[in-house]
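In: predicted model and sequence follow; I will ask about them next.
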There are 2 protein chains.
Amino acid sequence: MSTMQFWFEYGSTYTYLSVMRIAGLAGARGVTVDWRPFLLMPILAAQGMHDGPFLPFPSKLRYMWRDLERRAQKHGLPYHRPSTYPPNTLLTARVGVLAASEGWCQAFTERTFELHWVKDRPIGTEANLAAALTSLGKDPGDVVARAQTPENKEALRAQTERAQQLGVFGSPSFVVGEELFWGDDRLEEALDWAVAA
Amino acid sequence: MSTMQFWFEYGSTYTYLSVMRIAGLAGARGVTVDWRPFLLMPILAAQGMHDGPFLPFPSKLRYMWRDLERRAQKHGLPYHRPSTYPPNTLLTARVGVLAASEGWCQAFTERTFELHWVKDRPIGTEANLAAALTSLGKDPGDVVARAQTPENKEALRAQTERAQQLGVFGSPSFVVGEELFWGDDRLEEALDWAVAA
């Protein structure tokens, strides 16, 4: 059975498309997805991009929202432009890393993005986190406490460092063996690579 | 008959894929392509990006070459990493604008990119320009003289300004009515949009 690593930042807009599509597309091809949340901002900041990939560039920012809307329509996904951009994703990413280590990252991440993109309950707010965790039968207080331990904070830092070492510079990214693919529009290509590998 | 504007910078790497693919894909859909060479660097510089979209970012630059190679293979196009990057495209773009006004921009541009990407005769060199023009039965001396007139220089400046007004921030870009599409990986989507429009 082939495996593909899915590296993603919770605040990335295009990542919404991949989060909602990846399980179905990978399942149909018999590829196992290894969910790898990380923080993109430290990686961009290390390259001098302190305001993310879009905010400093008005025409690119405007294009991103329109392109995203078209791509969501194309893939049959609901699209409502969230009121919050960019969201503060630190705590959510910590929970994501904890969830990955316990095997419930996919369900948590799908729910988190759905709340952000469909219900406009922004990622990073308690409303988002509590609703996502409760819907999975988790106790938010317990999970957040375990996400904030020094060990788990360190796990997210290490994961982000690993992303950087792999050459990841954006989200979503897919890694198959030595091959890196960047962008939701490379998802099918990356999965095909995993099948052929 | 639908029309699509194809906005491109001769020095853009991903633009190679679109230049070699667009005529065939558009023809099969009955879409007319309006070839619009412009200069990307002034548009990027106005946003504070003085070194282009890749050079300041080593991991993104490394990824671009590898991704381009995979995409060329996928589309059955020859791929040889050119020895010159980025090329100096000012004179070539001036010739491109002249060619567009006279109806031979497609042939000139296909030849120019082919020489750069297959024969490693870099865009911006006399070897590239003279070979491209000669193969089209043009006299290089005559064409270059006409490309360097104040009127033609101004035409390229105006074209670049128009690109900026349309919200173009990268190459290749495709414009159908009010819709902007960016990147070779949006070429088919843009053409489908033109057909549906």
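Out: Thanks, I have the structure now.

In: when you work out contacts or count neighbours from here on, use the C-alpha atoms and nothing else.
Out: OK.

In: which residues of chain A fall in helices?
Out: Per DSSP state H, chain A carries helices over the ranges A:15-29, A:40-45, A:58-74, A:90-102, A:105-117, A:126-135, A:140-147, A:150-165, A:187-196.

In: just checking, what packs against the third one?
Out: In terms of contacts (3 or more CA pairs under 8 Å, 6 or more residues apart in numbering or on different chains; DSSP states H and E), helix A:58-74 is packed against no helix or strand at all.

In: ditto for the fifth one
Out: Taking 3+ CA pairs under 8 Å, 6+ apart as contact, the helices and strands that helix A:105-117 lies on are helix A:15-29, helix A:90-102, helix A:126-135.

In: I'd like to know which of the ones you listed is closest to chain B.
Out: Proximity to chain B (CA to the nearest CA) singles out helix A:15-29 among these, at 15.7 Å.

In: give the buried residues for that closest one.
Out: Neighbour counts over helix A:15-29 (16 or more other CA atoms under 10 Å in any protein chain shown) mark A:Thr15, A:Tyr16, A:Leu17, A:Ser18, A:Val19, A:Met20, A:Arg21, A:Ile22, A:Ala26 as buried.

In: tilt between that helix and helix A:105-117?
Out: Between the axes of helix A:15-29 and helix A:105-117, defined by axes from the mean of the first three to the mean of the last three CA atoms, to 10 degrees, the angle is 140 degrees.

In: so for helix A:15-29, mean pLDDT?
Out: The predicted model gives helix A:15-29 an average pLDDT of 98.

In: and that helix, is it in reach of chain B?
Out: No - residues of helix A:15-29 contacting chain B under CA under 8 Å from any CA of the partner chain: none, with a closest distance of 15.7 Å.

In: in a markdown table: the buried residues of helix A:15-29, plus distance to B:Trp193.
Out: A markdown table is the format used below for the buried residues of helix A:15-29 (distance: CA to CA, whole Å):
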| residue | distance to B:Trp193 |
| --- | --- |
| A:Thr15 | 24 |
| A:Tyr16 | 23 |
| A:Leu17 | 20 |
| A:Ser18 | 23 |
| A:Val19 | 26 |
| A:Met20 | 24 |
| A:Arg21 | 23 |
| A:Ile22 | 26 |
| A:Ala26 | 28 |
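
In: now the helices of chain A in CSV, with distance to B:Arg186?
Out: Output for the helices of chain A, formatted as CSV (distance: least, CA to CA, whole Å):
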stretch, distance to B:Arg186
helix A:15-29, 16
helix A:40-45, 25
helix A:58-74, 10
helix A:90-102, 31
helix A:105-117, 23
helix A:126-135, 33
helix A:140-147, 39
helix A:150-165, 27
helix A:187-196, 14
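
In: which stretch among those helices comes nearest B:Ala45?
Out: For the helices of chain A, the distance to B:Ala45 is smallest for helix A:58-74, at 13.4 Å, taking CA to CA.

In: picking up where we left off before, closest to B:Val33 out of the helices of chain A?
Out: Comparing the helices of chain A by CA to CA, helix A:58-74 comes nearest, at 21.3 Å.

In: buried residues in the closest one?
Out: Quick answer for helix A:58-74 (16+ other CA under 10 Å): A:Ser59, A:Lys60, A:Tyr63, A:Met64, A:Asp67, A:Leu68, A:Glu69, A:Arg71, A:Ala72.

In: the second one touches A:Asp67, doesn't it?
Out: No - in this structure, A:Lys60 sits apart from A:Asp67 without contact. The criterion is CA atoms under 8 Å, and the distance is 10.1 Å.

In: what number of residues lie near A:Gly141?
Out: For A:Gly141, the number of neighbouring residues by other CA atoms under 10 Å in any protein chain shown comes to 11.

In: residues touching it, list them.
Out: A:Gly141 sits next to no residue when contact means CA atoms under 8 Å, 6 or more residues apart in numbering or on different chains.

In: how near is it to A:Glu114?
Out: In this view, A:Gly141 and A:Glu114 are 21 Å apart by CA to CA, to the nearest Å.

In: perfect, I'm done here.
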